[in-house]
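Engineer: Predicted model follows, preceded by the sequence.
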Amino acid sequence: MRLPRFEYLRPETLGQALSLLAVHKDDAKILAGGTDLLVRMKKGLLKPKALISLKALNELSYIKKEDACIKIGAGASLADIIASDIIQKEAKALFQACGKVGAITLQHYTGTIGGNILQDNRCHHYNQSGLHRSGRQACHKDGGKICYARDEADRCNSTCQSDGATALMALGAGITLARKGGERTIDLADFYTTDGIMPFAIESHELLKEIIIPVQGAKSAYTRLAYRSAIDYPIVCAGVLLKPSDTQKDKIDEARIVVGAIARSPLFLVRESSSLKGKNLNDTDAFKKAADSSMNSASTFAVHNVGSTLKYRCDMVSEMVFQALKKSARAALPTKE
Amino acid sequence: MEKILITLNINDKPCEVMVYPNDTLLEVLRDELDLTGSKESCGEGVCGSCTVHMDNKPVRSCLTLAMEATGTKIKTVEGLASGDDLSDLQQSFIDHGAVQCGFCTPGMLMSADALLKDNPRPDEKTIRKALAGNICRCTGYAKIIEAVAHTDNPQDQCPDCKTGSKTKE
Amino acid sequence: MSDYTIVGKRMPRVDSRAKVMGKALFTADLKLPGMLVGKIKRSPYAHARILNIDTSKAEALPGVKSVVTGKDTKGVKWGVFAYTRDQQFIQIEKVRYIGDEVAGVAAIDEETALKALDLIDVEYEELPPVFDPMEAMTSQTELIHEDFANNINVHVNIDTGNVDENFEKAQYIREDTFVAPEESYFQAEPYAIVARFDHEDCLEIWCPNGGPHMKSKPLSNAFKIPLHKVKVRKIAIGGAFGGRSEICPVDYICSLLAKKTKKPVKIQFTREENTIATRQGHAMLTTHKTGVDKDGRVLARETTCYMDGGAYSSTGPIATSVPFLSMEQAYRMGSVRYNGYRIYTNKPIRGMIRTHGRGFACGLDTQLDMIADHLGIDPVEIRLRNSRQPGEYTSTKSYVDSCAMDETIHKAVEKSGFKKKWGKLPPFHGIGIGTNSVQTGFPMGIRGGSQSFIKFNEDGEATVMSGVVDNGQGNDNMLVQIAAEELGLLPEDIHLVSADTETTSSDPGSYSQVSTFVGGHAVKIAAQNCRAKLFEVASKILKVSPDKLAAENRLIFVKDDPEKSIPIKKVVRISLLNFNSVNAEGGYWPRVDMKREWVKNPYGQMCEAFSFGTTIVEVKVDPDTGQVEVLEATAAQDVGYAINPLVLEGQFEGALTMGGQGGMLTEYHEWKDGRCLNPTMLDYKLPLACDMPPKINNIIVESVDPKGPYGAKEAGMSIAMSAAQGYSAAVSNAIGVYMDSFPLTPDKILAAIKEKKAQEN
């Protein structure tokens, strides 16, 4: 399969990259690992005039602990994240999520965390060849006015299947978006629009520079379901964080439940998360209730567009949340001596 | 759009080649350099038939721009043997019947070779994981896994290990 | 068996060295001087009339060398049988599925060819499409093919008589319906073809194929050139699995482009094209009604199967019959009535596939388990009471000579510990058994036989010519082993010239499990004839009669006095000095009933031998997610005789993966308005190394067929099918629900578990 033509730009510093973005804006796309972008280009879903490669940029490939935060350069490879002690110990959900992305030879060495967060939403009516998409009206994401996944839908219902984003949102991560002459940091949870056409609230001259994970003595976990044990996107996934109370070690002070691969963005479920505040870390009934409630909340967003059946994926929201809660609770419980 | 002259280091040899920015490494290897051992099966990074090493790490050449391969060391399946002498891994694939149609074999070898460089005696689970990104439609993987496991660790009870000649240490 | 020195031994394959070095050339690897790139313009509509095709803009594009449309085909239609010729190579009047060929382009490079496709204007008038076979039979909209009423493409009716009477006598009768959607081959190598017309106007082509002679004949008909002018060349092939047996429009289009441009043309399919525009496996809806006596013996069975055939006939009559044949070979039935319908729909074309009839066979075995359950006997016992025995006739009057079906059951049961585990495993942990049978070959008229030539070179090595093709399963090695064994040479002394229609004689192809039985047999006979010539010469030198001689390890020696010997090389040279050639030929034609015909007369000897397989699978099901973990699989097949156990095991393991792990757990196509939603390797879930069961037990059973070469039959096919059955039985056993919709994906499993729970409460 042939890639469409483009101009190849290879800045050597972040500053150069931002200058190029400022000039090219919508006409350019950032090329990091390429495992998502190049596939979409091969299918003709995207025809950027220029690709700005980050290949020569070394300054974005770091993982460090600083000011009670883990800071990850957006260019860090998934392999580096998996190998990082800091991530394994203090951001378990991200470690577990990155381990599930693709396969070793596919994403781990080339794929980056920035690319994983910014992987475009998917839909089995949209992520298809030109032949498949011709002979019918174009869908919202393809520039038209129709949705093949949900009748009468007035906007695109494509699904965000990023493992990394779901885990990071559970971890309460923020992201820094750089542009020529400045940058801004926002919560990852605020990074999403409500339209699958352009799911991210990022300006065309901005570049995802850094991911910041607060370290707060919490335990996290990530679970997902897919057909295969590798080279597969999740059909449903959950990221969970449980922070034990400082005073009562077996009580939950703060919980974050995030459900992914079910809607246009990972869903941070506020009500279900707060339902666990003050609960015991071994209160599986409370977990089950929160999980079932998560299913009900998340299901309203779900459409049948990434394989399996809608019913199954919705049912499994509960199971994935429940499993993730149990996993992180197990890790958070004070060890008996 | 103009072609650009780049230099690639392939199987320890520098090669000058004219490429378009939208040429993938796989296209350049196959079409410009006549290294057709790397195959295109899915074209979208799933099947692993195009796997090559870039600085000793397995990567998908169908999702790697040729331009991005400059300044790195590329190794393809053609670079595994030294002349007519097969690598132990290649020989093990033959001996254990790990090759059927052979279309996935080059990519499978490159993934396995990268694994063995890091971990010469991997256990079965590690091998399965390392090969998870290479789809084989013929073998059911059993003989491939055996071939990788026995490359540097021949087993007396394996009827396909040439234990006499290949035993290490 | 120990009389053999080369066959029967584990031998690494002769083709693997080139493959591990990346030197083996597949079609897409070929580069010929001046070669152009071809691309196909396909229909974006499932059913539409073509009003006009304007190629002028495409032809004007610099770099475009030729554009062909249906006008250039002279309306030639293709079909495997005279009564199924329903497919034009390039559509001219209407298109019948999304992907149907409407034009072909040859250009200097891929980019130009793709641009040219976009510049071809096709004006369509959309027609109402039909995607569901049951709807298609009653649809009042325009027929997909006007000659086929009710969109019924093929109807196979088999009736042994006494069915209704025997149902009357039955103690217990069940009727159940089973469904399975389409599946695909996903050969590692996407389809590709290179074609050129040489200086003598001969058409030369390279492409993956299930039989080169099956490509050359229709191409000679289509181009109206003599058969000898179509030269299908040998090339490494990245898998077939039944899907590359016939010619397809791209073969013709590529050849036509080569003819028009007078240059070689290469067309490489994308993965999507390989899925939607070659062949797929049929979706099936099957109803089995079975009546048994008090012991569970089948007295009567009535089976009705509706197959979604897609837009064209392909191998329709064969496809409509094979699931029934596998059933009647594997199981005895007092009487049986079969009605198989292959129905046209506006979907991609369906053909033969390794796991053809998974819904049919798994349904049959599921029902057998239900009957056993009702009668209080176990699944092994009910199979043994109905299993095929040697020396019997099948329901459609094929004599079954060698048959070790029972031995495959017994050995698999023992190895897997089935008896100890059945009924005693913890909840959501199950074990299941499947049994199946496959035929070695079909009646194919004059193309049913294979012929081989062998010539000795003056250095004492031999060149073997055979039409047998190697799709990746190891046929080349099989031929080399047989020739080396018979000629007394070493495998490295045998040089194979095969799968080339110019230099080899006709051969039926590899897709009907017949390569060893017929093609290997022909090589064996040719080699024996050649050896007889050598013995004639050697007997004069060694001064013993030829029948006292044997050949081994490059020597001819006296059997009773092995010290008395002479190198074969020397015998060859002496023979040549005495003006005698050292060449020979041999052929093998299976004695089948030439009057047997798929639709008109489906009775009589089908082929000479049948293979039988049993697969037992043990699984654990996660009751919370419905996901299946396969703990162990045991595959036992009566292969007749194992020519190369190493290769056989690989066939078993591969068959188990495609038939069971993929075929019963994850593989199926999804559709939206005739569009395939999962045509790629990302979205169609092929099993990976880490998905496979940690343990696969291979059991080779040898019944030594009296007609097969060394007693060999076929390798692996009855594992592919019985694996599907074993997997489905194991899952059903684990969850305590008999499943009727395949494959058994987690959503279906979970739904079944929940429904059962609801009923129990």
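Structural biologist: Perfect, I can see it now.
Engineer: three-state assignment of A:Ala255?
Structural biologist: Secondary structure, DSSP: H, G, I helix; E, B strand; the rest coil: A:Ala255 is strand.
Engineer: Near it, how many other residues are there?
Structural biologist: Look at A:Ala255: counted by other CB atoms under 10 Å in any protein chain shown, it has 26 neighbours. Quick note: C-beta positions are derived from backbone N, CA and C, even for glycine.
Engineer: thought it was touching A:Leu269?
Structural biologist: No: A:Ala255 is not in contact with A:Leu269 according to CB atoms under 8 Å; the separation is 9.8 Å.
Engineer: where does chain A come near chain C, residue by residue?
Structural biologist: Proximity of chain A to chain C, by CB under 8 Å from any CB of the partner chain, involves residues A:1-2, A:5, A:103, A:124-125, A:128-129, A:131-132, A:134-136, A:148, A:225, A:227-232, A:307-309, A:311-312, A:315-316, A:319.
Engineer: Nearest to chain B: which residue in the stretch 51-200 of chain C?
Structural biologist: Nearest residue of the stretch 51-200 of chain C to chain B: C:Ala188, at 3.7 Å (CB to the nearest CB).
Engineer: check contacts around that residue.
Structural biologist: C:Ala188 sits next to B:39, B:41, B:47, B:49, B:101, B:103-104, B:135-138, C:238-239 when contact means CB atoms under 8 Å, 6 or more residues apart in numbering or on different chains.
Engineer: Can you report phi and psi for the nearest residue to it once chain neighbours are set aside?
Structural biologist: The shortest distance from C:Ala188 to any non-neighbouring residue, by CB to CB, 6 or more residues apart in numbering or on different chains, is to B:Phe103 (3.7 Å). Main-chain torsions, B:Phe103, degrees, to the nearest 10: phi -70, psi -40.
Engineer: Can you tell me the SS state at C:Val322?
Structural biologist: helix.
Engineer: Likewise for C:Tyr124?
Structural biologist: Under three-state DSSP, the three-state class of C:Tyr124 is strand.
Engineer: so the nearest residue to it once chain neighbours are set aside bridges to which residues?
Structural biologist: Nearest non-adjacent residue to C:Tyr124, counting by CB to CB, 6+ apart: C:Ala48, 4.0 Å away. Legend: beta-bridge partners of C:Ala48 under DSSP bridges are C:Val95, C:Glu126.
Engineer: what does the stretch 201-350 of chain C put close to chain B?
Structural biologist: Residues of the stretch 201-350 of chain C lying close to chain B by CB under 8 Å from any CB are C:236-239, C:241, C:268, C:270-271.
Engineer: Any part of the helix of greatest length in chain B near chain A?
Structural biologist: Using DSSP state H to define each element, chain B has its longest helix at helix B:105-118. Yes: Helix B:105-118 lies within reach of chain A by CB under 8 Å from any CB, at B:110-111, B:114.
Engineer: Report the buried residues of that helix.
Structural biologist: Neighbour-count burial for helix B:105-118, with 16 or more other CB atoms under 10 Å in any protein chain shown as criterion, is recorded at B:105-116.
Engineer: Would you mind extracting the C-alpha trace of whatever helix or strand comes next after it into PDB?
Structural biologist: Per DSSP states H and E, the first helix or strand lying C-terminal to helix B:105-118 is helix B:124-130. Extracted in PDB, the C-alpha atoms of helix B:124-130 (Å, rounded to 0.1, in the frame of the first residue of the first chain):
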ATOM      1  CA  GLU B 124       8.400 -20.600  25.900                       C
ATOM      2  CA  LYS B 125       6.200 -17.800  27.200                       C
ATOM      3  CA  THR B 126       8.800 -15.200  26.400                       C
ATOM      4  CA  ILE B 127       9.100 -16.500  22.900                       C
ATOM      5  CA  ARG B 128       5.300 -16.500  22.400                       C
ATOM      6  CA  LYS B 129       5.200 -12.900  23.500                       C
ATOM      7  CA  ALA B 130       8.100 -11.800  21.300                       C
END
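Engineer: Can you check the pLDDT for the residue of the stretch 351-500 of chain C at minimum distance from chain B?
Structural biologist: Taking CB to the nearest CB as the measure, the stretch 351-500 of chain C has C:Gly472 as its residue closest to chain B, at 2.5 Å. Per-residue confidence (pLDDT) for C:Gly472: 96.
Engineer: Likewise for B:Met1?
Structural biologist: On pLDDT, B:Met1 comes in at 72.
Engineer: which SS class is it?
Structural biologist: coil.
Engineer: I'd say it and B:Asp23 touch.
Structural biologist: No: with contact defined as CB under 8 Å, B:Met1 does not count as touching B:Asp23 (10.7 Å).
Engineer: Of those two, give the one with the bigger neighbour count.
Structural biologist: Ranked by neighbour count (other CB under 10 Å), B:Met1 and B:Asp23 place B:Asp23 first, with 21 against 10.
Engineer: Leaving aside the residues adjacent along the chain, what's closest to the more buried one?
Structural biologist: Distances taken as CB to CB, 6+ apart place B:Ala66 nearest to B:Asp23, at 4.7 Å, with adjacent residues excluded.
Engineer: tell me the contacts of whatever residue of the stretch 401-550 of chain C ends up closest to chain A?
Structural biologist: When scored by CB to the nearest CB, the stretch 401-550 of chain C has C:Phe428 as its residue closest to chain A, at 14.9 Å. C:Phe428 makes contact with C:620-623, C:734-735, according to CB under 8 Å, 6+ apart.
Engineer: and of those residues, the nearest to chain B?
Structural biologist: Nearest to chain B, judged by CB to the nearest CB, of the contacts of C:Phe428 is C:Lys620 at 17.3 Å.
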